[in-house]
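Predicted model and sequence follow; I will ask about them next.
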Amino acid sequence: MRLRAADIPSDGLELEFCIGHGELNDRVRPSEEGTGSPFFCFEEDPRATLKVYGDGATVIVNGNANIIIRSDCARCSELARREMSVPLQLVLKPFSSKLSLQEQVEDVSVDYYKGEDIDLAELLQDFILLALPYRMFCNDDCKGLCVKCGKNLNEGLCSCKEDPPGDDRWSVLKTIKVL
Ligand SMILES: [Zn+2]
Ligand SMILES: [Zn+2]
């Protein structure tokens, strides 16, 4: 979804479009195996609903994107699925080489676009990736796995017993006084 900045009216333009989830999935895939980065998968094309305003140069973008993501539950490794609405609010100004670094740093809420076109889909991709949660759970109340037998405790209790007194290797810590 590309727009010519000069064509955006001051009374606003309403837009609704989808962003290909394949491209987003390529960006969240860990670059190397075993890096431990969270693995996300976009289930379908995020749908963006935006209103853009312009004065010929400065462009204001307001709206949100609805996404559905899947990942492994951080506690039990089962499927975690979440629907989210990612808010999008930004001010875009034409990039000028005359712009001093100082000016760019002063207003961090402003982004710059190069050339005449604004690629809204690309901007949205960045916003969506930044909004992804650090970790996900299959359910807020997920009980996780038993540390001893690995049973998924959401499916019921296992037969592992609590550590019997005397076999608690950490009990020594309780006797240490912290100065
Ligand atoms: Zn879980
Ligand atoms: Zn167990």
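Looks like it came in fine. Ligands and ions are numbered 1, 2, ... in the order given.

Which strand residues bridge the nearest residue to residue 131 once chain neighbours are set aside?
Ranked by C-beta to C-beta, 6 or more residues apart in numbering and with sequence neighbours excluded, the top spatial neighbour of residue 131 is residue 86, at 4.4 Å. Yep, even glycine has a C-beta here, placed from its N, CA and C like the rest. Under DSSP bridges, the beta-bridge partners of residue 86 are residue 65.

how about the residue lying closest to residue 113 once chain neighbours are set aside, what does it touch?
With C-beta to C-beta, 6+ apart as the measure, residue 92 is the residue that lies nearest to residue 113, at 5.1 Å, once sequence neighbours are left out. Residues near residue 92 by C-beta atoms under 8 Å, 6 or more residues apart in numbering: 5, 58-61, 110-113, 118.

try 7 Å this time
Taking C-beta atoms under 7 Å, 6 or more residues apart in numbering, we find residue 92 in contact with 58-59, 61, 111-113, 118.

do residue 18 as well
Taking C-beta under 7 Å, 6+ apart, one finds 45-47 in contact with residue 18.

change it to 6 Å
Listed by C-beta atoms under 6 Å, 6 or more residues apart in numbering, the contact set of residue 18 reads 45, 47.

Okay, it and ligand 2: tell me how far apart.
45 Å (C-beta to the ion, to the nearest Å).

And that residue, how far from ligand 1?
For residue 18 relative to ligand 1 (C-beta to the ion), the value is 30 Å.

and the residue nearest to residue 131, what pLDDT?
pLDDT recorded at residue 86 is 93.

could we number from 32 for the rest of this?
Got it, first residue is 32 now, which makes that one residue 117.

What about it, how many residues nearby?
Using other C-beta atoms under 10 Å, residue 117 has 18 neighbouring residues.

Could you do residue 118 as well?
With other C-beta under 10 Å as criterion, residue 118 counts 11.

Surely it touches residue 95?
Yes - counting by C-beta atoms under 6 Å, residue 95 is a contact partner of residue 118 at 5.0 Å.
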